[in-house]
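Participant: Sequence and computational prediction follow.
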Amino acid sequence: MPPTLQEFDLLTLAEVARLLQCSKAHVGKAVAGRVPGCPPIPAVSLGRRKLVRRGTLLAWIARNESGGGTFKHRQNEAARTHKEKLCVHGTL
């Protein structure tokens, strides 16, 4: 029997969206690096389909919570806009 996505611990963009409490479209933009102030979410590409490792997502969240990311557009904590803070906390 072939392994399932759960056995590989891979998440679809819809599953990532549910975990981050945002839309699948927003997650797709975050994966593509099109969300200002947020580093891209690393993903595995299978043609047009994108999958995210659970561990990678957790590490991405931890980096953004602490503000320790090295994304070139990231500003210091005091200068970030309200929209960027919402993105980091997964509410946008």
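Facilitator: Perfect, I can see it now.
Participant: Show me where this structure has its helices.
Facilitator: Under the criterion DSSP state H, the chain contains helices at 5-8, 13-20, 24-31, 54-66, 82-88.
Participant: May I see the ones you listed arranged in CSV, with mean pLDDT and mean neighbour count as well?
Facilitator: Glycine gets a C-beta too; all of them are placed from N, C-alpha and C. Conversion of the helices of the chain to CSV gives the following (pLDDT from 0 to 100; neighbours: other CB atoms under 10 Å):
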stretch, mean pLDDT, mean neighbour count
helix 5-8, 70, 10
helix 13-20, 98, 18
helix 24-31, 98, 18
helix 54-66, 93, 15
helix 82-88, 55, 16
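Participant: can I get those in CSV with distance to Arg48?
Facilitator: Formatted as CSV, the entries for the helices of the chain read as follows, by distance: least, CB to CB, whole Å:
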stretch, distance to Arg48
helix 5-8, 16
helix 13-20, 11
helix 24-31, 10
helix 54-66, 19
helix 82-88, 24
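Participant: ok, so what distance separates Cys38 from Lys29?
Facilitator: According to CB to CB, to the nearest Å, Cys38 and Lys29 sit 9 Å apart.
Participant: And for Pro3?
Facilitator: The span separating Pro3 from Lys29 equals 29 Å under the rule CB to CB.
Participant: Could you do Phe8 as well?
Facilitator: When distances are taken as CB to CB, Phe8 and Lys29 turn out to be 24 Å apart.
Participant: What of Glu7?
Facilitator: Separation of Glu7 from Lys29 (CB to CB) stands at 28 Å.
Participant: ok, now Pro39?
Facilitator: Following CB to CB, the distance that separates Pro39 from Lys29 is 13 Å.
Participant: got the angle for the top strand by length along the chain vs helix 24-31?
Facilitator: When every strand of the chain is counted residue by residue (DSSP state E), the longest turns out to be strand 49-53. Using axes from the mean of the first three to the mean of the last three CA atoms, to 10 degrees, one finds that strand 49-53 and helix 24-31 are set 70 degrees apart in direction.
Participant: Perfect, that will be all.
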